[in-house]
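Chemist: just need the structure, nothing else, for what follows:
(one chain, ligands or ions: 1)
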Amino acid sequence: MKQHRPRRILWSLLKPYIRQLAWPLIALIIIQIAATTLSLYTPFLTARLVDEGIAKADVSRIEHLGVIMLVLAAISLVLSVAATILGSRISTTVSRGLRREVYRRVGTFSALDFDRFGTGSLITRTTNDVNQVEQVVFIVTTVLVTAPIMVVGGTVLAIRVSAEPAPIIVVTAVLLAIVVVVIVRRMIPQYAIIQKTIDALNRVLREQLSGTRIIRAFGREHTALARFGEQNDTLARTSYRVGMLQVLLMTAIPLISNAAAIAVLGVGAVLVDHGHMQVGQVIAYITYLSQILAGVSVATLLISVLPRARISAERIREVLATVPSIRTRRDPISPQHDDGIVRFLRTSLAYPDAQEPVLTDVSFSCLPGSVTGILGGTGSGKTTLLALAARMIDPTDGAVHVNGLDLRAQNRSEVWTQMGVVAQRPGLLGGTIASNLRLGNPDASDAQLWEALDIACATDFVAADPAGLDRAVAPGGKNLSGGQRQRIALARALIRRPNIYLLDDPFSALDPGTERRVKNNIAAALPNATVIIATQRLSSVADADTIVVLGGGRIVGAGDADELADTCQEFRELALSQSRSR
Ligand SMILES: Nc1ncnc2c1ncn2[C@@H]1O[C@H](COP(=O)(O)OP(=O)(O)OP(=O)(O)O)[C@@H](O)[C@H]1O
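Modeler: Residues are numbered from 1 along each chain as shown. This next block holds a predicted model:
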């Protein structure tokens with residue numbers, strides 16, 4: 001996306017929708033022109049009603065003009081309703097489109113891109129910021145044509161009635177414009193604070209809702225409340241400040257308008273006295289004045305919401321302009337074969353803004369028909385290594401090859417179809433056991449689901465529930481135990497029967513007996529697969545064909561458990577500390 005100056009960002013965001021909504025927009029403009037012309041014609045009729053009907057006690061004239069005014073008022077009402085409906089349709093179409101664009105773009109983000117914005121901010125941008133833009137589109141579409149016609153047409157018609165009080169109109173309009181600009185300029189910085197505070201509030205709220213149990217367990221409700229309260233207070237304070245400025249605006253506008261009406265009445269009275277104007281014309285003049293000032297007022301309303309929408313547009317554009325840090329090449333290459341070999345070639349990774357690389361110069365291969373254990377203390381880079389193998393992140397140096405080809409050259413979606421992944425946090429979605437398992441393969445039959453559950457030793461607890469595969473799963477799998485969640489995640493990875501398995505601490509919540517049974521099942525069911533298990537528990541990978549030991553971001557040992565016991569100091573220390581703690 002091109003770089004735009006802040007003022008043009010809103011326009012650049014909306015431009016694509018103008019072509020899409022050309023017809024509703026044209027219809028809206030025509031309706032608005034018709035409605036405004038009618039409303040400008042009404043004071044003219046009022047003047048005639050007073051001067052030709054009431055002043056001369058001509059009842060038939062009063063009736064005649066009264067009926068015309070009634071019909072025009074009815075038509076004007078219908079047109080206004082139609083304009084509002086069209087304006088709503090246009091603004092909601094735009095907001096729906098923007099939400100979809102943001103959602104799609106976020107869907108292409110890598111883990112690092114997510115970290116850059118934070119979930120709370122992405123939610124605010126997709127909802128609140130889009131709403132601000134929707135609001136401004138609604139106001140623009142409903143006043144864009146009306147306001148200038150009312151101001152210009154009203155002024156011309158008023159001058160036609162009498163030129164003498166015209167300076168009052170000019171002075172009032174200029175005064176109004178100055179007051180509005182001064183007040184709105186003070187609002188703009190407050191709007192930026194409001195959007196940022198909503199982000200922060202969302203973040204704090206999400207963190208605290210998902211961590212309620214921990215917060216309670218550690219008796220930290222007060223700290224949590226204080227953090228929430230701080231953001232909540234800032235939001236309330238800033239909104240109050242904006243509210244006060246709005247009150248000032250809403251008071252200043254009628255005050256200036258009424259002062260102008262009184263001035264017109266005064267001048268009008270003198271002119272009527274001297275026979276330069278008729279009473280009806282003074283009434284018409286005041287009506288024109290109120291229409292002109294209404295035009296100025298709606299324009300000011302637009303001016304007061306525009307800055308906030310601009311800030312929101314900039315926040316939406318930031319998301320849309322983010323180039324995902326991981327992308328599939330335009331001309332991805334498919335590997336010649338799918339041997340399932342995963343090879344790290346002098347792979348290094350440093351997270352953005354980190355002082356030290358997490359992994360440095362890591363080289364090893366994981367072969368089909370074998371289990372590779374990645375063993376290391378907490379924070380040693382095991383999860384990062386698996387993320388590299390699944391191309392959730394790209395190495396900062398070196399490469400990762402899968403099926404004999406650099407992952408960066410391949411189509412990511414194609415690579416993923418060949419991988420079964422179990423993340424450290426199993427990540428179950430709200431739905432049922434079956435719907436979670438079918439994420440792995442939407443076409444899997446019930447028999448295939450049970451087969452996968454069998455391998456993951458999950459059949460017992462799923463079958464124990466009368467609903468079986470249709471047992472409800474709460475978002476995050478909150479209604480399941482940690483071990484149950486892990487086994488469902490494992491079964492989900494098995495459903496598609498890929499040839500590469502990336503398992504991040506997949507047995508951490510299982511008792512040793514169940515862990516052994518699951519491992520035996522995997523070995524029997526997947527004799528030709530490439531299985532990589534990252535863990536800090538030696539028992540989980542003690543029987544692996546190869547164990548790669550990580551320490552300080554480098555490989556400090558590789559081999560089977562017996563070889564490592566002889567050659568690797570870190571391995572011996574790990575084994576010793578874990579045998580002691582048992
Ligand atoms: N998204 C990230 N941004 C910045 N630093 C990160 C990110 N993810 C991980 N790290 C850092 O990288 C290091 C390795 O993390 P990683 O999760 O790979 O370790 P691990 O060996 O899997 O640890 P554990 O066994 O505790 O899960 C840690 O110091 C962590 O703070």
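
Chemist: what does this structure have sitting close to the ligand?
Modeler: Residues of the chain lying close to the ligand by Cβ under 6 Å from any ligand atom are 111, 115, 351, 354, 358, 376, 378-384, 424, 536. Every residue, glycine included, has its C-beta placed from N, CA and C.

Chemist: and the furthest pair within those?
Modeler: The widest separation within the residues of the chain next to the ligand, taken as Cβ to Cβ, falls between Asp115 and Gln536 and amounts to 23.5 Å.

Chemist: between these two, which has more neighbouring residues?
Modeler: Just comparing Asp115 and Gln536: by other Cβ atoms under 10 Å the higher neighbour count belongs to Gln536, 19 against 13.

Chemist: in helices only, show me the residues of the chain next to the ligand.
Modeler: When these are checked against helices using DSSP state H, the ones located there are Ala111, Asp115, Lys382, Thr383, Thr384.

Chemist: so who does the spatially most central residue of the chain touch?
Modeler: A centroid search over the chain (Cα atoms, centre = their mean) returns Thr126, at 2.7 Å, as the residue closest to the centre. Residues touching Thr126, when contacts are defined by Cβ atoms under 8 Å, 6 or more residues apart in numbering, comprise Arg99, Val102, Tyr103, Val106.

Chemist: element containing the last one?
Modeler: What it means is Val106. Element membership for Val106, per DSSP states H and E: helix 59-107.

Chemist: that helix: how far from the chain's middle?
Modeler: Relative to its chain's centre, helix 59-107 lies at 29 Å (Cα atoms, centre = their mean, to the nearest Å).

Chemist: just stretch 268-287 next, same as before
Modeler: When C-alpha coordinates are averaged (Cα atoms, centre = their mean), stretch 268-287 and its chain have centres 57 Å apart.

Chemist: that stretch: which residues count as buried?
Modeler: Neighbour counts using 16 or more other Cβ atoms under 10 Å place Gly268, Leu271, Met277, Gln278, Gly280, Gln281, Val282, Ile283, Ala284, Tyr285, Ile286, Thr287 of stretch 268-287 among the buried residues.

Chemist: okay if I get the residues you listed as JSON lines plus secondary structure?
Modeler: Compiled in JSON lines, these are given as follows (DSSP: H, G, I helix; E, B strand; the rest coil):
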{"residue": "Gly268", "secondary structure": "helix"}
{"residue": "Leu271", "secondary structure": "helix"}
{"residue": "Met277", "secondary structure": "coil"}
{"residue": "Gln278", "secondary structure": "coil"}
{"residue": "Gly280", "secondary structure": "helix"}
{"residue": "Gln281", "secondary structure": "helix"}
{"residue": "Val282", "secondary structure": "helix"}
{"residue": "Ile283", "secondary structure": "helix"}
{"residue": "Ala284", "secondary structure": "helix"}
{"residue": "Tyr285", "secondary structure": "helix"}
{"residue": "Ile286", "secondary structure": "helix"}
{"residue": "Thr287", "secondary structure": "helix"}
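
Chemist: spatially, which two of those residues are the most separated?
Modeler: So for the buried residues of stretch 268-287, where distance means Cβ to Cβ, the most widely separated pair is Leu271 and Thr287, at 16.3 Å.

Chemist: grab the nearest non-local neighbour of Gln278.
Modeler: In this structure, Gln278 finds its nearest non-sequential neighbour in Asp51, 4.6 Å apart by Cβ to Cβ, 6 or more residues apart in numbering.

Chemist: now do the contacts for Ser297.
Modeler: Under the criterion of Cβ under 8 Å, 6+ apart, the contact partners of Ser297 comprise Leu176, Ile253, Ser257.

Chemist: which among the ones in helices among the residues of the chain next to the ligand end up buried?
Modeler: Buried residues within these, defined by neighbour count using 16+ other Cβ under 10 Å: Lys382, Thr383, Thr384.

Chemist: quick one: pLDDT of the second one?
Modeler: What that stands for is Thr383. Note for Thr383: predicted pLDDT of 93.

Chemist: any idea how far it lies from Val415?
Modeler: 18 Å (Cβ to Cβ, to the nearest Å).

Chemist: try Ala509
Modeler: The gap separating Ala509 from Val415 is 28 Å, by Cβ to Cβ.

Chemist: now swap in Lys56 and tell me
Modeler: 90 Å.

Chemist: neighbour count: these two, which is higher?
Modeler: Val415 (21 against 11).

Chemist: where's that one, which helix or strand?
Modeler: With DSSP H and E as the criterion, the answer for Val415 is helix 412-417.

Chemist: show me how far stretch 361-371 is from its chain's centre.
Modeler: With Cα atoms, centre = their mean, you get 39 Å for stretch 361-371.

Chemist: may I have the distance across it, first residue to last?
Modeler: One end of stretch 361-371 to the other measures 22 Å (Cα to Cα, to the nearest Å).

Chemist: my guess is Ala389 meets Gly340, correct?
Modeler: No: Ala389 lies out of contact with Gly340 (Cβ atoms under 8 Å); the separation is 11.6 Å.

Chemist: quick check: the residue of the stretch 51-200 of the chain nearest the ligand.
Modeler: Among residues of the stretch 51-200 of the chain, the one nearest the ligand by Cβ to the nearest ligand atom turns out to be Asp115. It sits 5.3 Å away.

Chemist: elements contacting the helix or strand in which Leu255 is found?
Modeler: Counting by DSSP H and E, the element that carries Leu255 is helix 221-273. The criterion is 3 or more Cβ pairs under 8 Å, 6 or more residues apart in numbering; DSSP states H and E, and the helices and strands that helix 221-273 contacts are helix 166-210, helix 212-217, helix 279-320.
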